[in-house]
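K.L.:
Fold the following.
(one chain, ligands or ions: 2)
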Amino acid sequence: MKNIYQLIEKYQTQAPRYTSYPAVPFWNQKITSDKWLADVSRSYNPDIGADFYVHVPYCRQLCYYCGCHRSILKGEKAKAVSTSGFFVDALLSEFEIYKNQIPNLRPHSIHLGGGTPTFLAPNELERLFRSLLKNAGGLASHSIEVDPRTTSIEHLEVLEKWGFRRISMGIQDFDENVQKKINRIQSFELVEKLLSEVRRRGFESINFDLIYGLPGQNLEGMKQTVEQVLKLRPEMIAYYSYAHVPWKMQNQKLIKESDLPKPELKLELSIKIRELFLSNGYIDIGLDHFVLPDSVLGKAYRNGKLLRNFMGYTDKRSSTLIGLGPSSISATASYFAQNEKDIQKYLDLVNSCQLPVLNGHKMDERDISTNSLIQQIMCHGKWPKNSDSISVKEELAAMANDGLIQSDDSFYFVTDLGKLFLRNFASLYDPYLEKSRKQLKDNAQFSKTI
Ligand SMILES: C[S@@+](CC[C@H](N)C(=O)[O-])C[C@H]1O[C@@H](n2cnc3c(N)ncnc32)[C@H](O)[C@@H]1O
Ligand code: SF4
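P.N.:
Ligands and ions are numbered 1, 2, ... in the order given. Presented below is the predicted three-dimensional model:
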């Protein structure tokens, strides 16, 4: 029997993270706003409402490792953009375009991501929610990604008032040596203080983002970071593998390659720290995500209700996801659409009352059935055996032999060990990947599976 390091070496490959299927590089068309609006109107269910994703693409300081879509503004410029109101005006104009088409449009839930949503001044967030959430049903709990360094009590007051109960904090690593190398100084005490304010205000679900593979990291330092995280016991932990793509993200050139952990160390950081989460009561729900069993996602996982979308794992299901802001992605059951990424072009479009959707994908019957299969793999670790090709059967038989899956007459089941290889199983069923492998030889647009 191979040990875990040998298995990772054997199955290491590049594959999408399947926050959408097909993955964005395989989307097939330019999209017109008329077609898109017609599809949203068709799919919208007024009894449920729509889920909204709002992208705020600004930050106050550059983290050298950052792979997100964002723009860094400092000093007077930051102050002006965070308080002057033009960005919230643009988001609301975009919302109005949708409302003109669907008069009874109302949010079921909203998620704010970025960049850093708390870059915006509290009264600007208040203004956004007052319009966006005016007719929202009272039941959903909204969520936000925050940078603890730029989140004030006033921000929390606004979030609490408007029904935000889920919060995700960028932590990355508490080791000061690592923090210096990534240009992100953020003390444990700062996070501890913010967290106690967040808990006092009744947030039911707190997530910490951590990254392994950052410059200067070693096993001892990472264990200490995780010990500190465990003291604070967030309901969820995202433990991301650092995606180092300096050819795409210029800012990552500020990281010295010689400071990055060697592949063997990165692997140890993945496996040993995973063991630490598991031995401290967290469960592994899938790609990079560890949760307490009684947390919102822990319950969804145990009840087979976990879902995966552009924001990662979720328990929310509505037929319509509308993305507002530059680079945001929207989705219905059969269509994906992505907004213009360039901030100025985005602003010009919405300010002239045009919907900023550009790139998209219309799903055909085969996409819809493959998507359903990949959701089952990524979210439940269980999928039906029925229509496997001979080559898929052979690969799965090898994986079963290595202890990564088991099966009965009807289904495959991922074992505990196999949870590390979800992307491998999913990519076996992905015809786009197969085609691009033949064309590209090396799938450099995707990160490694482990
Ligand atoms: C939008 S940020 C979170 C909110 C806020 N901007 C912050 O950093 O605190 C999303 C998360 O993506 C992760 N991330 C960013 N760049 C990454 C990279 N190159 N590789 C892996 N994870 C990355 C970080 O963990 C970060 O917390
Ligand atoms: S990691 Fe977060 S705070 Fe840092 S630059 Fe990226 S989006 Fe901004």
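K.L.:
Residue 16 and ligand 2, how far apart?
P.N.:
Residue 16 sits 21 Å away from ligand 2, going by Cβ to the nearest ligand atom, to the nearest Å. Glycine gets a C-beta too; all of them are placed from N, C-alpha and C.
K.L.:
again, but for residue 416
P.N.:
Taken as Cβ to the nearest ligand atom, the span from residue 416 to ligand 2 is 31 Å.
K.L.:
same thing with residue 432?
P.N.:
28 Å.
K.L.:
Now for that residue, how many residues are close by?
P.N.:
18 (other Cβ atoms under 10 Å).
K.L.:
Tell me the residues of the protein that contact ligand 1?
P.N.:
59, 65-68, 113-116, 145, 147, 170, 172, 209, 211, 240, 242-243 (Cβ under 6 Å from any ligand atom).
K.L.:
Just the buried subset of the residues you listed, written out for ChimeraX, thanks.
P.N.:
Burial among those is assessed by 16 or more other Cβ atoms under 10 Å; the matching ChimeraX selection reads:
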select :59,65,66,67,68,113,114,115,116,145,147,170,172,209,211,240,242,243
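K.L.:
Looking at the residues of the chain next to ligand 1, which are in helices?
P.N.:
Among the residues of the chain next to ligand 1, no member is found in helices (DSSP state H).
K.L.:
Among the residues of the chain next to ligand 1, name the ones that also lie close to ligand 2.
P.N.:
59, 66, 68, 114, 115, 116, 147, 170.
K.L.:
Chain neighbours aside, what residue packs nearest to the second one?
P.N.:
Counting by Cβ to Cβ, 6 or more residues apart in numbering, the nearest residue to residue 66 once its immediate chain neighbours are dropped is residue 251, at 6.0 Å.
K.L.:
cool, the fifth one as well?
P.N.:
By the measure of Cβ to Cβ, 6+ apart, the closest residue to residue 115 outside its immediate chain neighbours is residue 70, 3.8 Å from it.
K.L.:
What count of nearby residues applies to the one you found?
P.N.:
Neighbour tally, residue 70, other Cβ under 10 Å: 22.
K.L.:
got a list of what it touches?
P.N.:
57, 58, 59, 114, 115, 116 (Cβ atoms under 8 Å, 6 or more residues apart in numbering).
K.L.:
Identify the residues contacting the residue lying closest to the first one once chain neighbours are set aside.
P.N.:
Okay, so that is residue 57. In this structure, residue 57 finds its nearest non-sequential neighbour in residue 115, 4.3 Å apart by Cβ to Cβ, 6+ apart. Going by Cβ under 8 Å, 6+ apart, residue 115 touches 55, 56, 57, 58, 59, 68, 69, 70, 71.
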